[in-house]
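The following block contains a protein sequence and its predicted model.
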Amino acid sequence: MEKYGAGSIVVAEYDPNWPVLFEQESARIKQALGPFALAVEHAGSTAVPGLPSKPIIDLLVGVRSLEEAKARVIEPIKSLGYVYMPEYVSWLPGELFFRKGPPGPWTHHVHLMEPSHDRWETLLVFRDYLRAHPEAAQAYADIKRGLAASSVDDIAAYRNGKTVFVDETTAKARAWRAQVERRVGFNSPA
């Protein structure tokens, strides 16, 4: 069993301060990485207004080259209080993963990858869909609360329990985005 490092898994009510915390940390990361940070996005449940979440701000940081990032940005991110988790490469290939606040509770996660990585689009389309579809966000909240209660401190069970919902919702989100893009395309001047 993979234990959650902060004790029992807690899904907290939405905190309107989460976007502020994201903006503050995003500015710190952009300053530390300079031109290596192509983009910084607020991902994960804390990025969806009204959605209960583990109170961890997920930052999606885009870099031109993951290989270059391995050589040049790990230390600057660590200087901001993050711990680099190289063992997560088996779970998150094509990504550098950092945690802030260990041994727990964690306050921030940095997911650093190339924006061309499939996971970049997956995280953003899922976030955007939940923002636009409150009924899907509510269903996700119910699943997360139930899993937190039943998983207690087994983070793998919590994470794996969300897989079917996340996969099905991501498929819906991609279809929704394609429909929106087609609609916008039809309305634009020729």
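That came through fine. Residues are numbered from 1 along each chain as shown.

which ones are touching Tyr158?
Counting by CB atoms under 8 Å, 6 or more residues apart in numbering, Tyr158 makes contact with Tyr4, Ile9, Leu147, Ala148, Ser151. In this view, the C-beta of every residue, glycine as well, is placed from N, C-alpha and C.

Just give the number of residues close to the second one.
Put plainly, it is Ile9. 20 (other CB atoms under 10 Å).

For the closest residue to it other than its chain neighbours, which three-state class applies?
Distances taken as CB to CB, 6 or more residues apart in numbering put Ala148 closest to Ile9, at 4.5 Å, once the chain neighbours are dropped. Under the three-state scheme (DSSP: H, G, I helix; E, B strand; the rest coil), Ala148 adopts helix.

Surely Ala148 and Val11 touch.
Yes - using CB atoms under 8 Å, Ala148 is in contact with Val11, at 4.5 Å.

who touches both of the two?
Joint contacts of Ala148 and Val11 (CB under 8 Å, 6+ apart) are Lys54.

By neighbour count, which of the contacts of Tyr158 wins?
In the contacts of Tyr158, the most neighbours by other CB under 10 Å go to Tyr4, 23 neighbours.

which secondary structure elements does the helix or strand hosting Ala178 contact?
According to DSSP states H and E, Ala178 maps onto helix 163-187. Applying 3 or more CB pairs under 8 Å, 6 or more residues apart in numbering; DSSP states H and E, we find helix 163-187 packed against helix 118-132, helix 134-151.

State the mean pLDDT of it.
For helix 163-187, mean pLDDT rounds to 91.

what does stretch 113-121 give?
97.

Now do the buried residues in it.
By 16 or more other CB atoms under 10 Å, the buried positions in stretch 113-121 come out as Met113, Glu114, His117, Arg119, Trp120.

among those residues, which two are most distant?
Glu114 and Arg119 (9.8 Å; CB to CB).

list the residues that contact both of the two?
Joint contacts of Glu114 and Arg119 (CB under 8 Å, 6+ apart) are Gly94.

what residue ranges in the chain score low on pLDDT?
1-6, 102, 104, 186-190 (pLDDT under 70).

Same list, the buried residues of stretch 113-121, but as TSV with distance to Phe97 please.
Shown next, in TSV, are the buried residues of stretch 113-121 (distance: CB to CB, whole Å):
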residue	distance to Phe97
Met113	9
Glu114	14
His117	13
Arg119	11
Trp120	14
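
re the thing from before, could I get the contacts of Tyr158 as CSV with distance to Thr46?
Output for the contacts of Tyr158, formatted as CSV (distance: CB to CB, whole Å):
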residue, distance to Thr46
Tyr4, 17
Ile9, 15
Leu147, 17
Ala148, 15
Ser151, 19
